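Q: sequence and predicted model, in that order:
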Amino acid sequence: MQTNMNGNRIRIAASAIAAAAFVAAGFASATAVAQNYPTRPVRIILPFAAGGGTDLLARLLAQRFTEALGQPTVVDNRPGAGGNLGAEFVAKAPADGHTLLFSTTSTAINVSLYPKLPFDIRKDFIAVSQVARSPMVVSTHPSVPARNLRELVELSRKTKDGLNYGSNGSGTTSHLAGVMLQQVSGMRLTHVPYKGASPSVTALLGGEVEIGFQATTSILPFLRAGKLRALAVTTRNKVAALPDVPTVASMYPGYEFEQWYILFTPAGTPAAIVSRLHAEAIKALRHPDVKAWMQRENSEPVGTSPAEAAVFLNTEVGKYATIVKASGATPDQ
């Protein structure tokens, strides 16, 4: 009996030693992966056209990653299908941290907007961090006689066919922000979709459309130059860069929209690499050049953990499912 008990103790001890060795080996392997990463240039896929605020922020991030990772980090613009073409490319890329996705609120909207996506943003990706968020601005071409949002609403009601507003594409935040304003104010608007922020802003500057709903990263320089007029901001609180511009919510309670930016990597990326990417993203947000740009463009650095970013993304998917359904938006409109 004593012999059997001793034998059991030996076997248990041996199993414990083996388990500890396995864990230690795994830890050593993970550490080696993180230390050796990256082994070649890193690509940040931006699923939108070059030239917009998202593009500028992605390039700032890429510059910091190049310095920190010891390998070139480049931004690869792959626009199309509301950001889905670029996202699909990353979803199919090797999960080794060398191909990343930098995207916006559109990733949460597209879950409901597109009936059959070839990927699941919540299952096929790891949200490394919510990098930043930016308020949106309701702005007009200077030729529009309205000097505030209430006057703009009244003007739309008195105009035979209402007023035109441009967006970055059907189902984007710049589209749905207009839809929600119609719902809360009774404004008469006709939606004119463009292929990205840059052409949408160009159309507004040229007077092709009267109204735009754009992130401050895309619109602020033109507001400061007097080429466009800001009537309201879409966030709950006023914006420091536009202290005299009221919120939409101050006139139409309950209205709130913002643009956010999340860095993703394909699902299955080793945890050590995800941790390294997260750490470098946080460092980038603290860099003086990035801080200065965000302050200038009125973007707010966030820097959440992967777990926090995943919870936030899931909440946003649910929120926009309700708004997309109410808008009746489809990718073809």
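A: That came through, no problem. Numbering: from 1, shown residues only.
Q: for the closest residue to Ser327 other than its chain neighbours, helix, strand, or coil?
A: Spatially, and ignoring its direct neighbours in sequence, Ser327 is nearest to Val179 (4.2 Å; Cβ to Cβ, 6 or more residues apart in numbering). C-betas here are computed from N, CA, C, even on glycine. Following DSSP: H, G, I helix; E, B strand; the rest coil, Val179 is assigned to helix.
Q: Val179: neighbouring residues, count only.
A: 20 (other Cβ atoms under 10 Å).
Q: ok, Thr66 next?
A: 15.
Q: still on that earlier bit, right, and the residue nearest to Ser327 touches Ala329 too?
A: Yes - the criterion here is Cβ atoms under 8 Å, and Val179 meets it with Ala329 at 7.1 Å.
Q: check which residues of stretch 157-165 are buried.
A: In terms of neighbour count (16 or more other Cβ atoms under 10 Å), stretch 157-165 has its buried residues at 162-165.
Q: now do it: distance to the chain's middle.
A: 31 Å (Cα atoms, centre = their mean, to the nearest Å).
Q: middle-most residue in this structure, spatially?
A: Closest to where the C-alpha atoms of the chain average out (Cα atoms, centre = their mean) is Thr104, at 2.0 Å.
Q: is that one in contact with Ser174, as I believe?
A: No - with contacts defined as Cβ under 8 Å, Thr104 does not count as touching Ser174, sitting 10.5 Å away.
Q: which residues are common contacts for those two?
A: Listed contacts common to Thr104 and Ser174 are nil; contacts here mean Cβ atoms under 8 Å, 6 or more residues apart in numbering.
Q: tell me the pLDDT of the residue lying closest to Ala197 once chain neighbours are set aside.
A: The shortest distance from Ala197 to any non-neighbouring residue, by Cβ to Cβ, 6+ apart, is to Gly52 (3.5 Å). Looking at Gly52, its pLDDT reads 75.
Q: confirm that Gln259 sits in a helix.
A: No - according to three-state DSSP, Gln259 belongs to no helix; its state is strand.
Q: report how many residues lie close to it.
A: Gln259: 29 neighbours (other Cβ under 10 Å).
Q: what ranges does the protein have for its strands?
A: 42-46, 73-77, 99-104, 125-140, 163-167, 189-193, 211-215, 229-233, 258-266, 300-301 (DSSP state E).
Q: surely Glu223 meets Ser139?
A: In this structure residue 223 is Leu, not Glu. Yes - with contacts counted by Cβ under 8 Å, Leu223 reaches Ser139, the gap being 6.6 Å.
Q: the two: which is more packed in?
A: More crowded of Leu223 and Ser139, by other Cβ under 10 Å: Ser139, with 27 against 18.
Q: you'd agree that one is up against Thr216?
A: No - contact between Ser139 and Thr216 fails when scored by Cβ under 8 Å: they sit 10.1 Å apart.
Q: quick one, helices of this protein?
A: 2-36, 53-69, 84-91, 106-113, 149-158, 173-185, 197-205, 216-224, 271-286, 288-297, 306-327 (DSSP state H).
Q: who's in contact with the fourth one?
A: Residues external to helix 106-113 that are found in contact with it (Cβ under 8 Å, 6+ apart): 47, 82-84, 87, 117, 121-122, 170-173, 176, 262, 264, 313, 316-317, 319-321, 323-325, 329-331.
Q: before we move on, back to that, point out the most buried one among the strands of the chain.
A: Greatest average neighbour count among the strands of the chain goes to strand 211-215 (a mean of 29), per mean count of other Cβ atoms under 10 Å.
Q: what's the offset of that one from the middle of its chain?
A: The answer for strand 211-215 is 16 Å, by Cα atoms, centre = their mean.
Q: poorly predicted segments of the protein, please.
A: 1-34, 332-333 (pLDDT under 70).
Q: the domain parsing of it - what is it?
A: 41-133+259-327, 135-250 (automatic domain parsing).
Q: number of nearby residues for Ala281?
A: 22.
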